[in-house]
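Q: Sequence isn't available, so here's the structure alone:
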């Protein structure tokens, strides 16, 4: 009996082992194809056997099957295309990484119910919005680690290796990753930053200290500041989400139910907590909205994680896909705080099949502190609303230190990027290619310690000079880091005169509270360079776009000046000018005798400009900086005094002028820009010392000029004006399928000017040919047009509501103007 029992046990173990040996395991993880975040609770189904389940909260699944059979794996999830793949269950276990593409599932249907559960849940979330929005906390602080990777996709590597320009750099293509994603991609560039960030609600203040920044290939403090988190925060609870300087209507906007449809796709239990799968989609095509989802705790209506995807018909240029992911973790019993977020974007400049630039920004947050007295003390001495600082050696942190600072380690792809870039930067051929591309794009080229260009000013033409040749030469930072020398010589084939400029800049202080000296001497024809505008007339491109039948006016200007610029802090700056000028009319202007000889006028002027631009941001160059604007109005006041009897100066006068300008977001109705300006001149003076209202002699639209007015047409010694432009965005074009597809944009503008000229100045300047005056009336232009044609062209239709001038035929009632601008 005992022997039989042992035999039975052995047989049972044998058959059990045999059965187990005939089974195989199929497992995998499901991810979003763009963000690589797990897709939780997706439906995983085998269509032949009828077996299925949901993936877990980390996107994982596992099944056990008998060997030797075949089946089809189907994975579906709301907002994604259904994934299908035949599987042959062989002897080996199988494991998959499955990436779902955004789109509509095959079996996805719209279910209508009497009670809209999605709208009900949205209202519950909104009732807690003020409580859970981190910007409603008294204060908070954290350490943020930013990582931005740039990859290339949709290129033919073999063809690129044979290209005569790229052939010397063929080793770069050894880094192509053909396994991580469905389509191969080339990791191209990597930027990293680590910073301490703090926020206070009342009085509202922001602070960021960028502790480390890794930007191989360039060393620019202003870029390091922009790589921090101050300008890159996405607030899921905010009314708008700013992307590419455009405000998108967020799913938790106070009025989001006017723009979105909401639904509850699923309910799950994770860690004994019930959570809702909340889904949102745009109601109408053509609006800047998102589609996406959020997982929401049932009891407290807090968002645990959220994914936002760019709406298919959103009016954004060069971007085929945008994905935003945010994850929140509890830091106490009541507060969930942002733990990590991702922002991924695919840029396609030339069409669907063109080279794709993929930007992957990921941010993680550590050392989170909320409602702390230590944060309040930090802000006690901060007077500005926003302060961004950088450590002195922010771009010089060693690799070993970076290994300690990073919140997570670099992947193999990321490590290969640094190796490749360092190798490229050491190659002379790459440096030559970089130099040539810069010369073509910017017009400037470094030659040793000197700089030549811009090439587009080398040749032009006008009625006075004939063909004009010009050559510029300047220094670069190889010559001196704080002193910049520049000059040019120009020669006209018709007037046979040599002209030129010589100037010097000395940046005594550059990092904070900039202090700069500038000295210059020039003798040249006034080519409109000093006019407010986008294209000067001393430019090769202006030859093709000049208005016909316009008698151009020419004036010779000899100018010697010394300027002192001083940044005082808190947005205030001053600039002091000492200027000696000598004017001589040359053609089609008053004060020219019967022999064609112009009368010269000399003046000496001392001027002071006061400027206030609170929290204005800049991108720093080697010597100059370029304003990115301010979210507050910018105000300027100019005071000038003409002093006679200084180096033959003749005129005694006083000028005062001022302006206020701003660009405001009117989300979701676009942006509104305005400029209000006014001025007065005290004294009896020739026309060149009065206000010559800026006109436009070419068909390229000039945002700062009156485009149906010509240059030197209207004179005033007392004036005021206002310019307004409203860029609506898609506007009416979103209701028309073809224009919605073309992503055309709509705008309107108005420019109004009031002016007068004293009797004394009228008598002095109204020699033949005469100027015109507004006679205490107004000159008004209104315009409207189409922007973003072919993602590049803007067309303005402009009407002159003042009518045709009774004194000349230079004014037109209507004009069409074009211009180019790249924008997202």
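A: Thanks, I have the structure now. Worth saying up front: this structure is predicted, and the values here are computed from it rather than measured.
Q: Show me the helices in this structure, by range?
A: With DSSP state H as the criterion, the chain has helices at 2-21, 117-127, 129-132, 157-162, 221-226, 373-380, 399-405, 412-425, 428-442, 737-742, 759-765.
Q: tell me, which of those helices is the model least confident about?
A: For these, mean pLDDT drops lowest on helix 2-21, to a mean of 46.
Q: and the closest residue to residue 251 other than its chain neighbours, what pLDDT?
A: Leaving aside its chain neighbours, residue 251 sits nearest to residue 280 (4.4 Å; criterion: Cβ to Cβ, 6 or more residues apart in numbering). The C-beta positions use only the backbone N, C-alpha and C, and glycine is treated the same way. Residue 280 carries a pLDDT value of 92.
Q: Can you get me a residue count around the closest residue to residue 725 other than its chain neighbours?
A: Leaving out its chain neighbours, the residue that sits closest to residue 725 by Cβ to Cβ, 6+ apart is residue 749, at 3.9 Å. Neighbourhood size, residue 749 [other Cβ atoms under 10 Å]: 19.
Q: quick one: low-confidence ranges for the stretch 201-350 of the chain?
A: Counting by pLDDT under 70, the stretch 201-350 of the chain contains low-confidence ranges at 217-232, 349-350.
Q: try it again with 50
A: For the stretch 201-350 of the chain, no stretch is flagged by pLDDT under 50.
Q: one step back: which strand residues bridge the residue nearest to residue 725?
A: residue 725, residue 783 (DSSP bridges).
Q: I'd say it and residue 794 touch.
A: No. Between residue 749 and residue 794 there is no contact under Cβ atoms under 8 Å: 11.4 Å.
Q: quick revisit: what is the neighbour count of the residue nearest to residue 251?
A: Using other Cβ under 10 Å, residue 280 has 26 neighbouring residues.
Q: my guess is it meets residue 262, correct?
A: Yes. Counting by Cβ under 8 Å, residue 280 does reach residue 262; the two are 5.4 Å apart.
Q: List the beta-bridge partners for residue 28.
A: residue 61, residue 96.
Q: Can you give me the distance of it to residue 51?
A: As judged by Cβ to Cβ, to the nearest Å, residue 28 and residue 51 stand 15 Å apart.
Q: Which of those two has more residues huddled nearby?
A: The neighbour count for residue 28 versus residue 51, taken as other Cβ under 10 Å, is higher for residue 28 (19 against 13).
Q: For burial, what's the neighbour tally of the nearest residue to residue 297 once chain neighbours are set aside?
A: Distances taken as Cβ to Cβ, 6+ apart put residue 275 closest to residue 297, at 5.7 Å, once the chain neighbours are dropped. Residues lying near residue 275 (other Cβ under 10 Å) number 23.
Q: List the residues that contact residue 275.
A: Going by Cβ atoms under 8 Å, 6 or more residues apart in numbering, residue 275 touches 267, 268, 269, 295, 296, 297, 298, 304.
Q: out of those residues, who's nearest residue 319?
A: residue 295 (26.2 Å; Cβ to Cβ).
Q: residues contacting the closest one?
A: Residues in contact with residue 295 (Cβ under 8 Å, 6+ apart) are 40, 275, 276, 277, 278, 303, 304, 305, 306.
Q: Most widely separated two among those?
A: Maximum pairwise distance among the contacts of residue 295 (Cβ to Cβ): 13.9 Å, between 40 and 303.
Q: ok, the two, which is more surrounded?
A: More crowded of residue 40 and residue 303, by other Cβ under 10 Å: residue 40, with 23 against 20.
Q: Isn't residue 210 up against residue 193?
A: Yes. Applying Cβ under 8 Å as the test, residue 210 and residue 193 come out as touching, 5.9 Å apart.
Q: if you skip the residues just before and after it, what's nearest to residue 386?
A: Nearest to residue 386 is residue 206, by Cβ to Cβ, 6+ apart, at 4.6 Å.
Q: residues in contact with that neighbour?
A: Shown in contact with residue 206 (Cβ under 8 Å, 6+ apart): 197, 198, 199, 200, 230, 385, 386, 387.
Q: one more time with 10 Å, if that's ok
A: 197-200, 229-230, 233, 379, 382, 384-388, 615 (Cβ atoms under 10 Å, 6 or more residues apart in numbering).
Q: Ok, residue 399 next?
A: For residue 399, the contact set (Cβ under 10 Å, 6+ apart) comprises 214, 418.
Q: quick one: terminal-to-terminal distance for stretch 471-489?
A: 6 Å (Cα to Cα, to the nearest Å).
Q: Point out where the stretch 701-824 of the chain drops to low pLDDT.
A: In the stretch 701-824 of the chain (pLDDT under 50), the answer is 804, 806-809.
Q: could you pull out the strands for it?
A: Assignment of strands within the stretch 701-824 of the chain using DSSP state E, counting those that start in this stretch yields the ranges 715-716, 718-729, 745-756, 778-789, 793-800, 814-820.
Q: The stretch 401-550 of the chain too?
A: Applying DSSP E, counting those that start in this stretch to the stretch 401-550 of the chain gives strands spanning 445-447, 450-452, 459-462, 466-475, 483-492, 498-509, 515-525.
Q: Any idea which of these has the lowest pLDDT on average?
A: Averaging pLDDT over each of the strands of the stretch 401-550 of the chain puts strand 459-462 lowest, since it has a mean of 86.
Q: residues of that strand that come out buried?
A: Buried residues in strand 459-462, counting neighbours by 16 or more other Cβ atoms under 10 Å, are found at 460, 462.
Q: how far does it sit from the chain's center?
A: Between the centre of strand 459-462 and the centre of its chain there are 34 Å (Cα atoms, centre = their mean, to the nearest Å).
Q: Let me see the contact set for residue 342.
A: Contact partners of residue 342, counting by Cβ under 10 Å, 6+ apart, are 32, 34-37, 147, 234, 307, 323-327, 360-364.
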